[in-house]
Every structure is written in C-alpha cells, then in structure tokens.
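[1] missing the sequence, but the structure's below:
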Ligand code: G3P
Ligand code: CA
C-alpha cells in the first residue's frame, strides 16, 4: 500500500462525469450535475477556483467570456458579482438564468444525490494556498459522506492540499505521462495520475498500476476509446457524455 490516502479511489467508478454532463448541459453548473446524476453517473469532476473575495466557486476558465455573459478575469470579481452572471445561456436558451455554483452548493448537491467528487483545484498562480483554504472551509461547513478526490496540474496547490486537507486523496494531473511520474507522485504524495487519453502510453500505464497507483484518463467521449483505455489498465475515464459511456454494456 501507499503510505498516504487512497481511500477515495476505493469507491471509484469507471465513468466520471466531466464538469457534469457537460456535452448536453452547460459545464460546471447544477443543470449539468443534475443531468449527470439522472443518467446514472456516480462521480462528478468539477473545477474549483476562487473569487476576488476568496469564495470557492465552480468554474473552469480564468476568464468569464466563454461560459458566461460577463467579461474579464474571474479572480477580479466578488462572489456577489459572479452570481449575477448567466452561466447557461451560452449553451442554450433553455439554460437561461443558470448561475455559477459555489463549492458549498455543489457539496450539498453531492450529499443529497450521493455523488462522489473529483475536485480539480484550478488556482491562480500565487493564490494556491488561499484556494485550498477556501475549499477546506467549505468542506468543514458541508461535510460530505461521499468520496472526495482532489487533483491539480498545479503542484503548489497539491502541496497546500497535503498540508491543509491531508486526509483527502490526491491526484496529479498531467497532459502526457511524464517520464519521472513515480518521483513526482511520491514527492507530492499523490495516489493517482490523471492524464490526457490521447497521449496514453500503455507501457507507462502498466507500470503505474503495478506500482499501486491509479491511472485515469480525460476526456473520453467515445465508448470504443474507453474500452481500449480500460484494456490498457486505466481505472476510470472522464467524459462529457456519461450516458453514452454508461449505456455501453461492455464497459466493466
Ligand atoms: O480533471 C481532468 C480534466 O478536467 C483536466 O483538464 O482542462 O478539462 O480541466 P480540464
Ligand atoms: Ca477539470
């Protein structure tokens, strides 16, 4: 066994809804989470960032333009201003008046719907500790009985998580699998590596699994690709279309 937490992975499903059912509803919003849950997804992956006033919110981009009717940098806006933005209309008229969710709202939703969470920490450089601290506050206020897995591309954020949320399982996010993956996982005390599915190297996945770590791949919207990844030893895939992958009877 690894010397640090991998408890969240013990309840890992093979399919994780990426930003919710983000292929069919606006990513990282309650409608996308509701749709994923109704389609049978057991875990959600979401992106966690902080507002100017230090509140943890669910949002992917650094800027507001792509997914809201706002402009500028997320980190320059207070929570109250962010909550006036429409985060659904860009995806379709039926999603008008959808708001950027707070982490608190997501945690309540996950508890109510019995969903595991992969919280990807998306900090602004220099505000990693503040982001992790804001997450910690919400996780204390809204205790969740479901598994919570933290991940990040940002190693400072992972180190902060190790300090401030030591009981939560951590994963390192990368694009390609780095040659020194084992050293990096050990240094950060991460129990999994989440990498880009298109850049998979099966031999490396086998080594990762043999060494006792988990290998997860993003973003996989094609059931045949998912099957090839599972065959190569990948434990779970992130998908924008959970129903499509869950419906495929041959998925383990
Ligand atoms: O956590 C997997 C995946 O979401 C990482 O990339 O850009 O979709 O947040 P991105
Ligand atoms: Ca993400």
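    Nice, thanks for sending it over. All values derive from a computational prediction rather than experimental measurement. Numbers count the residues shown, from 1 in each chain. Ligands and ions are numbered 1, 2, ... in the order given.
[2] residues in the stretch 51-200 of the chain within reach of ligand 1, list them.
    Proximity of the stretch 51-200 of the chain to ligand 1, by Cβ under 6 Å from any ligand atom, involves residues 60, 120, 151, 173, 194. For the C-beta atoms, the positions are set from N, CA and C on the backbone; glycine is no exception.
[3] Next one, pLDDT for the third one please.
    Spelled out, it's residue 151. As predicted, residue 151 sits at a pLDDT of 98.
[4] One more: the one 5 residues further on?
    In this model, residue 156 is scored at 98, pLDDT.
[5] start to end distance for stretch 53-71?
    The first and last residues of stretch 53-71 sit 18 Å apart, counting by Cα to Cα, to the nearest Å.
[6] Strands of the stretch 1-150 of the chain, residue ranges please.
    For the stretch 1-150 of the chain, the strands defined by DSSP state E, counting those that start in this stretch cover 15-18, 43-50, 56-58, 116-121, 148-152.
[7] any bit of the first one sitting next to ligand 2?
    Put plainly, it is strand 15-18. No. Judged by Cβ under 5 Å from the ion, strand 15-18 and ligand 2 are separated, with a smallest distance of 6.9 Å.
[8] what's the average pLDDT for that strand?
    98.
[9] what's that strand packed up against?
    Counting by 3 or more Cβ pairs under 8 Å, 6 or more residues apart in numbering; DSSP states H and E, the packing neighbours recorded for strand 15-18 are helix 30-38, strand 43-50, strand 236-239, helix 242-247.
[10] try the third one
    Secondary structure elements in contact with strand 56-58, counted by 3+ Cβ pairs under 8 Å, 6+ apart, are strand 43-50, helix 103-113, helix 128-141.
[11] Export these as a markdown table, with columns for distance to ligand 2.
    Shown next, in a markdown table, are those (distance: least, Cβ to the ion, whole Å):
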| stretch | distance to ligand 2 |
| --- | --- |
| strand 43-50 | 5 |
| helix 103-113 | 13 |
| helix 128-141 | 14 |
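[12] Against residue 157, how distant is residue 119?
    Separation of residue 119 from residue 157 (Cβ to Cβ, to the nearest Å): 11 Å.
[13] mind pulling up the phi and psi values for the residue of the stretch 101-250 of the chain found nearest ligand 1?
    Nearest residue of the stretch 101-250 of the chain to ligand 1: residue 218, at 3.8 Å (Cβ to the nearest ligand atom). Main-chain dihedrals, residue 218, degrees, to the nearest 10: phi -120, psi 160.
[14] so where is the stretch 151-252 of the chain shaky, pLDDT-wise?
    Where the stretch 151-252 of the chain drops to pLDDT under 70, the residues are 249-252.
[15] ranges for the helices of it?
    With DSSP state H, counting those that start in this stretch, the ranges of helices along the stretch 151-252 of the chain come out as 155-164, 181-188, 202-210, 223-231, 242-247.
[16] of all those helices, which lies closest to ligand 2?
    helix 155-164 (12.7 Å; Cβ to the ion).
[17] which ones are touching the residue most central in space within the chain?
    By Cα atoms, centre = their mean, the chain has its centre lying nearest to residue 45, at 3.1 Å. By Cβ atoms under 8 Å, 6 or more residues apart in numbering, residue 45 lies in contact with 16, 17, 18, 19, 117, 118, 120, 218, 238.
[18] can you count the residues close to the fourth one?
    Neighbouring residues of residue 19 were enumerated by other Cβ atoms under 10 Å; the total is 26.
[19] And it, how far from residue 205?
    For residue 19 relative to residue 205 (Cβ to Cβ), the value is 24 Å.
[20] wait, isn't residue 214 in contact with residue 2?
    No. Contact criterion Cβ atoms under 8 Å: residue 214 and residue 2 do not qualify, at 10.0 Å.
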